[in-house]
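Undergrad: what shape does this take:
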Amino acid sequence: MKAIFLDRDGVINQERGDYTWKIEDWKFTVDIISFLQKTSKMGFKHIVITNQGGIAKGLYTHQDVKALHRYMQSELEKNGIEMLDVFYSPYHSDFSESLSRKPESLMFEKAIYIYGINVSTSVMIGDSQRDIVAAEKVGLKAFKVDANGPLNHIIDYLK
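TA: Residues are numbered from 1 along each chain as shown. Okay, the predicted model is just below:
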């Protein structure tokens, strides 16, 4: 199976400069729906890998994150896009250490194992260096994108 791993904040939804856990604060990035539709047609599965350190900080709960992810998935499904899974790390380095929090790679390792992902045909798209570092630890080609930056160059790479 080939997959596209995606960071959430700044890649799928617009980065607000603050934590996003409320549905009313959610806004998809400019190109993401079109990009995911194209990659779905190319046979890629989609998996979100996201740090959600606001849980450790007590700003929101696991239930808040899960509700937002259900909303995200339902909105994507309306556009013909299936999100295979969402992995999130509730930890923050100010409060506790975890191998799941990027730039560590445990969330990737779990997804690769659970779904039998072929890393040689899969990629990661992130907006920070910690996304890239975590992906490269498991052998994934990684692309760093700017907020609302174009994704066409990634489509060209995947062809």
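Undergrad: surely I12 meets L6?
TA: Yes - judged on Cβ atoms under 8 Å, I12 makes contact with L6 at a distance of 5.7 Å. The way it works is simple: take the backbone N, C-alpha and C, and place the C-beta from them, glycine included.
Undergrad: which residues do those two both contact?
TA: V48 (Cβ atoms under 8 Å, 6 or more residues apart in numbering).
Undergrad: go through this structure and flag its longest strand.
TA: strand 45-51 (DSSP state E).
Undergrad: what packs against that one?
TA: strand 3-6, helix 32-41, strand 85-89, helix 106-115, helix 129-137 (3 or more Cβ pairs under 8 Å, 6 or more residues apart in numbering; DSSP states H and E).
Undergrad: hey, which of the ones you listed is tucked in deepest?
TA: Neighbour counts (mean count of other Cβ atoms under 10 Å) averaged over each of the helices and strands packed on strand 45-51 peak at strand 3-6, with a mean of 25.
Undergrad: look up how far A56 lies from the residue sitting furthest away from the middle of the chain.
TA: Going by Cα atoms, centre = their mean, the residue of the chain most distant from its centre is F95, 22.7 Å out. Distance, F95 to A56, by Cβ to Cβ, to the nearest Å: 4 Å.
Undergrad: coming back round to it: surely the residue farthest from the centre of the chain meets K57?
TA: Yes - using Cβ under 8 Å, F95 is in contact with K57, at 7.0 Å.
Undergrad: distance from the longest helix belonging to the chain to the middle of the chain?
TA: Longest helix in the chain by number of residues, with DSSP state H as the criterion: helix 62-78. Computed by Cα atoms, centre = their mean, to the nearest Å, the chain-centroid distance of helix 62-78 equals 13 Å.
Undergrad: in terms of secondary structure, what does that helix contact?
TA: strand 85-89.
Undergrad: partner strands of the strand it packs on, parallel or antiparallel?
TA: Take DSSP bridges as the rule and strand 85-89 pairs in its sheet with strand 45-51 (parallel).
Undergrad: contact partners of the partner strand?
TA: 1-9, 12, 36, 39-40, 69, 81-89, 91-92, 101-102, 107-108, 111, 115, 117, 124, 130-131, 134.
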